[in-house]
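Engineer: quick one, what's the 3D model for this:
(one chain, ligands or ions: 1)
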Amino acid sequence: MNTINNSLIFLGTGAAEAIPAFFCRCGYCEHARKHGGKDVRSRSAFRLNENVHIDLGPDLFHQLVKTGLDVHDLTDVLITHTHSDHLNFFEMLLKDCAVVTNGNKPVRIYVSETAYSWATGMFRQCVLGDYANDEQGYKQWQQRFPITALPYYEPASIGGYTVTPLKGTHGGYGEGEIAANYLITLPDRRIFYYASDTGYFFEETFTYLEKVKLDILVMECTFGGDESRGDYVKGHLDLKNFNLVLDRLLANGTIDQGTKVYATHINHKHPLHHDQLQDAFDRTSPVSVIVAFDGMAIE
Ligand SMILES: Nc1ccn([C@@H]2O[C@@H]3COP(=O)(O)O[C@H]3[C@H]2O)c(=O)n1
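Structural biologist: Residues are numbered from 1 along each chain as shown. Model (predicted):
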């Protein structure tokens with residue numbers, strides 16, 4: 001079996017504006033343009049295996065080319081929230097253009113219950129465009145890309161994984177949308193938590209996580225080495241707030257020194273390039289943290 005196809009892979013590790021950010025000539029972006037490497041970050045997305053992805057951003061094509069993979073056998077996509085760097089239906093609709101496919105297997109799309117209304121409205125707009133009243137046409141699209149609302153805190157069986165959406169302190173385009181951070185039991189029984197996008201966690205999320213021991217924690221660190229944001233900040237994390245979350249998770253017994261912790265979803269608005277951010281984590285974090293990069297696999 002092609003093991004890479006069944007590896008946990010960071011397809012993208014950037015924020016919405018990516019790195020280098022298209023319109024930007026800041027020192028961070030210019031450094032990334034000149035030196036490339038791990039500082040080049042496409043929009044965040046994650047591959048659990050060949051059948052199941054987390055998020056569906058605008059960079060899927062380049063992410064698959066970079067990793068030498070395809071989505072021929074993709075069957076399920078977990079969407080964290082509806083911001084365009086995480087949910088982008090256009091890529092899915094291009095399945096129609098494929099010549100050799102896995103037949104008419106649907107690609108099931110899962111969103112939080114607070115994202116459902118906006119996501120289905122956007123999907124309808126995307127597939128019908130000017131034919132807004134084509135109910136028959138819409139039903140056909142719905143059968144090929146069914147969208148399911150996942151209630152928070154309710155485990156669901158998806159593609160061989162047990163998936164429970166918890167609440168991240170980050171919104172979406174939907175009215176009152178709360179980003180889903182996914183607690184996932186992998187087929188090998190390891191417990192994996194994908195916490196992006198989020199700021200310092202809700203108390204209810206810390207409380208829920210008290211009853212699990214994470215084997216793998218992937219958590220956003222959007223503002224990296226920016227030390228100006230304060231403590232316990234909602235919306236997004238930075239190194240200091242990332243460590244405040246780790247302190248709580250460690251105290252609660254949710255993580256320990258054996259937990260593999262990764263930082264992802266990193267933007268350009270701070271002074272620490274990849275290696276400098278890794279050094280900062282090495283110096284300051286209560287457990288070992290690895291700064292992820294595009295194409296990196298978790299062993
Ligand atoms: N005050 C802010 C807030 C957000 N941002 C960036 O805008 C991005 C929007 O999508 P995102 O993926 O949530 O990441 C956000 C920050 O990188 C920013 O640059 N300044």
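Engineer: now do the contacts for Ala15.
Structural biologist: Contacts of Ala15 were listed using CB atoms under 8 Å, 6 or more residues apart in numbering, and they are Arg41, Arg43, Ser44, Asp85, Thr222, His265, Ile266, Asn267. Backbone N, C-alpha and C define where each C-beta goes, glycine included.
Engineer: can I get the residues you listed in JSON lines including secondary structure, distance to Ala132 and pLDDT?
Structural biologist: JSON lines is the format used below for these (DSSP: H, G, I helix; E, B strand; the rest coil; distance: CB to CB, whole Å; pLDDT from 0 to 100):
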{"residue": "Arg41", "secondary structure": "strand", "distance to Ala132": "36", "pLDDT": "98"}
{"residue": "Arg43", "secondary structure": "strand", "distance to Ala132": "28", "pLDDT": "98"}
{"residue": "Ser44", "secondary structure": "coil", "distance to Ala132": "31", "pLDDT": "98"}
{"residue": "Asp85", "secondary structure": "coil", "distance to Ala132": "26", "pLDDT": "98"}
{"residue": "Thr222", "secondary structure": "coil", "distance to Ala132": "36", "pLDDT": "98"}
{"residue": "His265", "secondary structure": "coil", "distance to Ala132": "34", "pLDDT": "98"}
{"residue": "Ile266", "secondary structure": "strand", "distance to Ala132": "39", "pLDDT": "98"}
{"residue": "Asn267", "secondary structure": "coil", "distance to Ala132": "36", "pLDDT": "98"}
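Engineer: these: which ones sit near the ligand?
Structural biologist: Asp85, Thr222, Asn267 (CB under 6 Å from any ligand atom).
Engineer: excluding its backbone neighbours, what's nearest the last one?
Structural biologist: Right, the one you point to is Asn267. Distance criterion CB to CB, 6 or more residues apart in numbering; nearest residue to Asn267, sequence neighbours excluded, is Ala15 at 3.9 Å.
Engineer: what's near enough to touch Arg47?
Structural biologist: When the contact criterion is CB under 8 Å, 6+ apart, the partners of Arg47 are Ser7, Leu8, Ile9, Leu11, His53, Ile54, Thr67, Leu69.
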